Every structure is written in C-alpha cells, then in structure tokens.
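# Sequence and predicted model, in that order:
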Amino acid sequence: MADEYIKSNMPDINKMPIRQALTDSAFTRIMELTSQDIAEHNPKCLSCEYSAMCGGGCRMSAFEKTGDLFGYDPQMCYFFEHGFPEKFREAIRRGEKKRTENMSLLEKLMSWR
Ligand code: SF4
C-alpha cells in the first residue's frame, strides 16, 4: 500500500524538471513535514504524553496502518504504551553491567601475566 502511494506520488524526473521535483512535489511536502504538523493533524498526538519523544512516528508506517500519510503511527503508540522505552533502558543498563563485569574479568586475566 505504501509502495503504491510512493510510486504514484513521487516526482518523476523524466516528466518534470529536477529542480521542481526537489522543491515542489509530493516528495518535498513529505520531507518538510514537522512533528508539529503531524500533531496538529492528529488530536491523539496533540494530547499524547509521548509526543516529544515520538513526534507522531514513521510516515510510511502511519500510512500503511491508517491509510493516512499524515496520520499517527499505531506501531509507535504500541511501543510507548507497552513500556518499551523503559525496557530498552533496562536492557542497556544490563548490558553496561555485563560490560563492566567483563572488563573486570579481563583486567584480572591480564594481571596474571
Ligand atoms: S505515541 Fe502515538 S499518539 Fe503518541 S505521538 Fe506517537 S504516534 Fe502520536
């Protein structure tokens, strides 16, 4: 679905000047979107506690899931609403702890020489 949208809306430089393709086309309208534009289009994002971190998510994911290129991204809603940021932080903390343990072990091994 997203593939079809891209194919039918992206500029074709065989049919328009490249300057126009890069400054005045569906491509540039997508590239110039800001998280504020997305929030203003989606009341759900406007009132969302995660909007500063999320920014409305991925445009292609939003389009694929909602049919609206400027819609909210349900996958990012799921990500935040199910606590994945904290799960990632915890995984990083565990990784750092393990790295510290490995470095200690490596230092011990090196000191035996
Ligand atoms: S988590 Fe969902 S509702 Fe919140 S900003 Fe992201 S896309 Fe919008």
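Cool, got the structure.

# and residue 57, helix, strand or coil?
What DSSP: H, G, I helix; E, B strand; the rest coil gives for residue 57 is coil.

# Check residue 13 too.
coil.

# Quick check, it in contact with residue 20.
No: if you go by CB atoms under 8 Å, residue 13 and residue 20 don't touch, sitting 9.0 Å apart. Bear in mind the C-beta positions are built from the backbone N, C-alpha and C, glycine included.

# Residue 100 and residue 38: what is the separation?
Distance of residue 100 to residue 38, given as CB to CB, to the nearest Å: 40 Å.

# Give the residue from the two that has the larger number of neighbours.
A direct count of neighbours by other CB atoms under 10 Å for residue 100 and residue 38 places residue 38 higher, at 22 against 10.

# ok, and the closest non-adjacent residue to the more buried one?
Distance criterion CB to CB, 6 or more residues apart in numbering; nearest residue to residue 38, sequence neighbours excluded, is residue 56 at 3.2 Å.

# Tell me how many other residues surround the one you found.
Residue 56: 26 surrounding residues under other CB under 10 Å.

# tell me which strands and helices the lowest-mean-pLDDT helix or strand in the chain is in contact with?
Across the helices and strands of the chain, mean confidence by mean pLDDT, DSSP states H and E is lowest for helix 2-9: a mean of 76. Using 3 or more CB pairs under 8 Å, 6 or more residues apart in numbering; DSSP states H and E as the contact test, the elements touching helix 2-9 are helix 59-66.

# Next, the angle from the helix it packs on to helix 2-9.
Per axes from the mean of the first three to the mean of the last three CA atoms, to 10 degrees, the angle that helix 59-66 makes with helix 2-9 is 110 degrees.
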